[in-house]
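Participant: I would like to see how this sequence folds:
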Amino acid sequence: MKIYPFYYSILFLLLFSCSSDKMTDKEKEDESAIEWQSTQIPTDSLFLAHATQFNSYSYPNFKILEVYDKNATVQQRYLLYKGETKPKTDLEYDVALQIPLKRIVSRSTKYATFISLLENVDNLIGFVGAKYVSNEEIRKNLDAGKIKEVGNDDGSGVNFEGLVSLEPDAIFTYDASLYGGTSNTQQKMKELGLPVIICNETLESSPLAQAEWIKFFGVLFEKEEKAAEIFNQVKSNYDSLKNLTATIKKENKPTLFFNAWYNETWFMPNGESYVAQFAKDAGAIYLWNDLEGTGASPLAIESVYDKAEQADYWFHASDWKNMNQLISSDRRFVSFKSVKNKNVFNHNKRQLKSGGNDYFESGVAFPDKILEDFIKILHPELIEKKELYFYENLK
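Facilitator: Residues are numbered from 1 along each chain as shown. Below you'll find the predicted structure:
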């Protein structure tokens, strides 16, 4: 007897429908597990042009946001979800966060501009070291009592009791060990059950990579498109400025160096640091460009003097306000070419009386403004507008 394929189809459906009613609880559980595991494949991720210290992966009903340490390994992994119910997953994570974040606390002014640009200042309920904030909108909310100051990082310490009482969705903080400190503060926060988000933008090797961290905040506030638009405009401005110096010949590039001694040690930016990148993109020769890695290297004062003495420019000369203060700190500076020619520049034009400095605040989000200042100083013939934004010349 000839049996047609259609018959097999009907028979298969009948058998399946009969057997499904007799599935054991264990079989149903296994089938559910297989179906769940099949959804655990990321369908999308952030497209980052420069940043390497974080990434975001999209799954069907949640996201995974990762922050990497200086060894490029995962330091913190966050599970991000919408709605009231946290999704089940066999993926490992450190903190689960419901997005968009509604109640946030910042431990650094470096995040203030990102929060403001994405129009989330009203979600800011607490600030550590609020007196150092430059952002006008945030200062207005501080004065109105909408944002509570919860301690300082200047020695008086974080107000942990105040943090707990605010019941924040997340606390934006930094890894203090990168600055020679300890991670005791964030460890204490974790012990108290506070949701801590570590930001490692300082590990990025270029100004644009740091600026791209606005996309990190964009994920957490569910404003990825707005974050991308803002970054793309900054990148476009930066690249246009960089192109102005692209054809400058080596013999026409001025030499420069950064910083000053502190406790008998001169911390000089390494050749792969974002600071060194500013010098390169501005058409200058950084005299310590051969120092490997990002961050800065501690150098003996004597080893710096010989090379720095003949440099054309000196940037970030401590917190000295004028030449008299600089020379009084060490009479040997009188022989420096940059001092003789009055080519010493500090990034404190937008510094507050409280000690806060907008260079370290909005400068992270707007490296194009910093690069423009560099070019105005080093190659004034390339830019008609001469007024500096962040920098000022020591007189």
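Participant: please make it C-alpha for all contacts and neighbour counts, starting now.
Facilitator: Will do.
Participant: okay, domains of the protein per the record?
Facilitator: As recorded under automatic domain parsing, the domains making up the chain are 44-234, 245-393.
Participant: okay, strands next: where are they in the stretch 251-395 of the chain?
Facilitator: Along the stretch 251-395 of the chain, the segments classed as strands by DSSP state E, counting those that start in this stretch run 255-258, 261-262, 265-269, 285-286, 296-300, 313-315, 344-346, 392-393.
Participant: so can I have a markdown table of the domains of the chain showing mean pLDDT and mean neighbour count?
Facilitator: Listed next are the domains of the chain as a markdown table, based on pLDDT from 0 to 100; neighbours: other Cα atoms under 10 Å:
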| stretch | mean pLDDT | mean neighbour count |
| --- | --- | --- |
| domain 44-234 | 93 | 18 |
| domain 245-393 | 94 | 18 |
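Participant: take the strands of the stretch 251-395 of the chain and lay them out in a markdown table including distance to K235.
Facilitator: Converted to a markdown table, the strands of the stretch 251-395 of the chain look like this (distance: least, Cα to Cα, whole Å):
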| stretch | distance to K235 |
| --- | --- |
| strand 255-258 | 24 |
| strand 261-262 | 33 |
| strand 265-269 | 23 |
| strand 285-286 | 23 |
| strand 296-300 | 25 |
| strand 313-315 | 24 |
| strand 344-346 | 24 |
| strand 392-393 | 24 |
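Participant: show me what the longest helix along the chain is packed up against.
Facilitator: Longest helix of the chain, by residue count under DSSP state H: helix 224-244. Applying 3 or more Cα pairs under 8 Å, 6 or more residues apart in numbering; DSSP states H and E, one finds that helix 224-244 contacts helix 214-220, helix 367-378.
Participant: out of the ones you listed, which is closest to K242?
Facilitator: Ranking the helices and strands packed on helix 224-244 by proximity to K242 (Cα to Cα) places helix 367-378 first, at 8.0 Å.
Participant: and the contacts of the closest one?
Facilitator: Applying Cα atoms under 8 Å, 6 or more residues apart in numbering, the contact partners of helix 367-378 are 207-208, 211, 234-235, 237-238, 241-242, 254, 278-279, 281-284, 363, 382-383, 385-386, 388-391.
Participant: thought I171 was touching S108?
Facilitator: No. Assessed by Cα atoms under 8 Å, I171 is found out of contact with S108, at 10.1 Å.
Participant: quick one on the thing from earlier: between the strands of the stretch 251-395 of the chain, which one is closest to E84.
Facilitator: Nearest to E84, of those and by Cα to Cα, is strand 296-300 at 44.5 Å.
Participant: who touches the closest one?
Facilitator: Contacts for strand 296-300 (Cα under 8 Å, 6+ apart): 264-270, 273, 291.
Participant: nearest to P87, of these?
Facilitator: S273 (39.6 Å).
Participant: who's in contact with the closest one?
Facilitator: Counting by Cα under 8 Å, 6+ apart, S273 touches 204-206, 293-296.
Participant: I'd like the helices and strands packed on helix 224-244 as JSON lines, with distance to K102 appended.
Facilitator: Below are the helices and strands packed on helix 224-244 laid out as JSON lines (distance: least, Cα to Cα, whole Å):
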{"stretch": "helix 214-220", "distance to K102": "10"}
{"stretch": "helix 367-378", "distance to K102": "28"}
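Participant: residues touching E92, list them.
Facilitator: Contact analysis of E92 by Cα under 8 Å, 6+ apart lists R77.
Participant: how near is it to C199?
Facilitator: Counting by Cα to Cα, to the nearest Å, the gap from E92 to C199 is 19 Å.
Participant: got it, and S240?
Facilitator: With distances taken as Cα to Cα, S240 is found 28 Å from C199.
Participant: which stretch of helix or strand covers V105?
Facilitator: Secondary structure assignment for V105, by DSSP states H and E: strand 104-106.
Participant: helices along the stretch 251-395 of the chain, start to end?
Facilitator: For the stretch 251-395 of the chain, the helices defined by DSSP state H, counting those that start in this stretch occupy 274-281, 301-308, 323-329, 337-340, 358-365, 367-378.
Participant: which helices and strands does the shortest one pack with?
Facilitator: Here helix 337-340 touches strand 313-315, going by 3+ Cα pairs under 8 Å, 6+ apart.
Participant: list the contacts of the strand it packs on.
Facilitator: Strand 313-315 is contacted from outside by 254-259, 337-338, 343-347, using Cα under 8 Å, 6+ apart.
Participant: go through those residues and say which is closest to G218.
Facilitator: Of all the contacts of strand 313-315, G218 sits closest to H347, with 28.2 Å by Cα to Cα.
Participant: nearest residue to that closest one other than its sequence neighbours?
Facilitator: Setting aside the residues directly before and after it, H347 is nearest to Y391 in space (Cα to Cα, 6 or more residues apart in numbering), at 4.2 Å.
Participant: how about the one you found, what does it touch?
Facilitator: By Cα under 8 Å, 6+ apart, the contact set of Y391 is 345-349, 373.
Participant: equivalent analysis for S134, please.
Facilitator: S134 makes contacts with 352, 356-358, 361, as judged by Cα under 8 Å, 6+ apart.
Participant: can you check D94 too?
Facilitator: Applying Cα under 8 Å, 6+ apart to D94 gives the contacts 76-79.
Participant: any idea how far it is from L203?
Facilitator: Using Cα to Cα, we find D94 at a distance of 21 Å from L203.
Participant: likewise V196?
Facilitator: 18 Å.
Participant: for E384, same thing?
Facilitator: In this view, E384 and L203 are 34 Å apart by Cα to Cα.
Participant: please report how far the most centrally placed residue in the chain lies from N152.
Facilitator: Taking Cα atoms, centre = their mean, the centroid of the chain lies closest to E201, which sits 2.8 Å from it. Here E201 is placed at a distance of 21 Å from N152 (Cα to Cα).
Participant: do the same with Q210
Facilitator: Q210 sits at a distance of 24 Å from N152 (criterion: Cα to Cα).
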